[in-house]
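[1] Just need the structure, nothing else, for what follows:
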Amino acid sequence: MENFDLPIRIICATRIGQNEFLSKTATGKSIKNFINVSKVEVRLYANNSTPLGILYNQAIEESKESPAILIFMHDDIWLGDYFWAQRIRDGLSHWDIIGLAGNKRRVSGQPSWAFVNDKFQWDEAKNLSGAVGHGNVYPPMAVTPFGPINQECKLMDGLFLGVKSETLLKSGLRFDEQFKFHFYDLDFCRQAEVLNLKMGTIGLAVAHESGGNFNSDAWKLAYQYYLHKWKE
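    Numbers count the residues shown, from 1 in each chain. Now for the predicted structure:
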């Protein structure tokens, strides 16, 4: 199916109850506010404590019977563009997988798309792409411009990843369920690279409420799994 024929389906996990999602989460409020312009479906996993990879793979399997553009999206994202669904369709006319922020290169031992080592040293600006706002309101309290958009990337941030279900089903690309929350996105991008799928950033105005949780015990454990898997 062409991009304009496919529904856009948001795949989102939240600790909030289903009846509260549209009124109490940034993502839910954004979807509700813009639904008349950017029509989307929502595959919601409410009251959730299950690892994201398991849920995301379940949504991929479900898409065998109902093809769609799948947007794997955190529940704490404020959307600032009421034509955001069109931005997604446009992006997927150029790339197999789209994101909002990423890195055009990949180095050994990289602990994040933005950092080059476990000291959390930022990569050079020339290698980064995209922009993300930060804060619990929109307009955001701050915006971080990483670099030009519409760039091919090796790694992308998992706060927002979009791909056609057909691409996933044909390629066999799935989320590795050993990564419960941390590193699921980097691993997904590594697998996509092996499969020769093209990844790139799009321009979409958002504010992300979370700044990440680097260097926690759970993060450190996932980092070791990641390094072992990719023999780094």
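[2] May I see the buried residues of stretch 131-143?
    Buried residues in stretch 131-143, counted by 16 or more other C-beta atoms under 10 Å: 131-133, 135, 138, 140. Quick note: C-beta positions are derived from backbone N, CA and C, even for glycine.
[3] ends of it, how far apart?
    For stretch 131-143, the separation between the terminal residues is 7 Å (C-alpha to C-alpha, to the nearest Å).
[4] In TSV, list the buried residues of stretch 131-143 along with pLDDT, distance to Glu193 and secondary structure.
    Listed next are the buried residues of stretch 131-143 as TSV, based on pLDDT from 0 to 100; distance: C-beta to C-beta, whole Å; DSSP: H, G, I helix; E, B strand; the rest coil:
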residue	pLDDT	distance to Glu193	secondary structure
Ala131	98	23	strand
Val132	97	22	strand
Gly133	96	28	strand
Gly135	93	32	coil
Tyr138	88	33	coil
Pro140	92	30	coil
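[5] Excluding chain neighbours, what is closest to Arg87?
    Spatial nearest neighbour of Arg87, excluding adjacent residues (C-beta to C-beta, 6 or more residues apart in numbering): Leu204 at 5.0 Å.
[6] residues near that neighbour, how many?
    Residues lying near Leu204 (other C-beta atoms under 10 Å) number 23.
[7] show me the contacts for it.
    Listed by C-beta atoms under 8 Å, 6 or more residues apart in numbering, the contact set of Leu204 reads 79, 81, 84, 87-88, 100, 160.
[8] Now the buried members of these.
    Counted by 16+ other C-beta under 10 Å, these give 79, 81, 84, 87-88, 100, 160 as buried.
[9] Could you identify the most distant pair in these?
    Across the buried ones among the contacts of Leu204, the longest distance by C-beta to C-beta is 12.3 Å; it joins Asp81 and Phe160.
[10] how about low-confidence regions in this structure?
    Along the chain, segments meeting pLDDT under 70 span 1-3, 212.
[11] Show me where it has its strands.
    Under the criterion DSSP state E, the chain contains strands at 8-13, 41-45, 69-73, 77-79, 97-99, 101-103, 128-134, 142-147, 152-153, 155-156, 160-164, 199-201, 206-208.
[12] Switch those strands over to JSON lines; also include distance to Trp219.
    Converted to JSON lines, the strands of the chain look like this (distance: least, C-beta to C-beta, whole Å):
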{"stretch": "strand 8-13", "distance to Trp219": "18"}
{"stretch": "strand 41-45", "distance to Trp219": "22"}
{"stretch": "strand 69-73", "distance to Trp219": "19"}
{"stretch": "strand 77-79", "distance to Trp219": "20"}
{"stretch": "strand 97-99", "distance to Trp219": "20"}
{"stretch": "strand 101-103", "distance to Trp219": "18"}
{"stretch": "strand 128-134", "distance to Trp219": "19"}
{"stretch": "strand 142-147", "distance to Trp219": "20"}
{"stretch": "strand 152-153", "distance to Trp219": "22"}
{"stretch": "strand 155-156", "distance to Trp219": "16"}
{"stretch": "strand 160-164", "distance to Trp219": "19"}
{"stretch": "strand 199-201", "distance to Trp219": "23"}
{"stretch": "strand 206-208", "distance to Trp219": "17"}
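[13] Can you report how many residues lie near the nearest residue to Asp76 once chain neighbours are set aside?
    In space, and not counting its chain neighbours, Asp76 is closest to Glu209: 3.8 Å by C-beta to C-beta, 6+ apart. Look at Glu209: counted by other C-beta under 10 Å, it has 18 neighbours.
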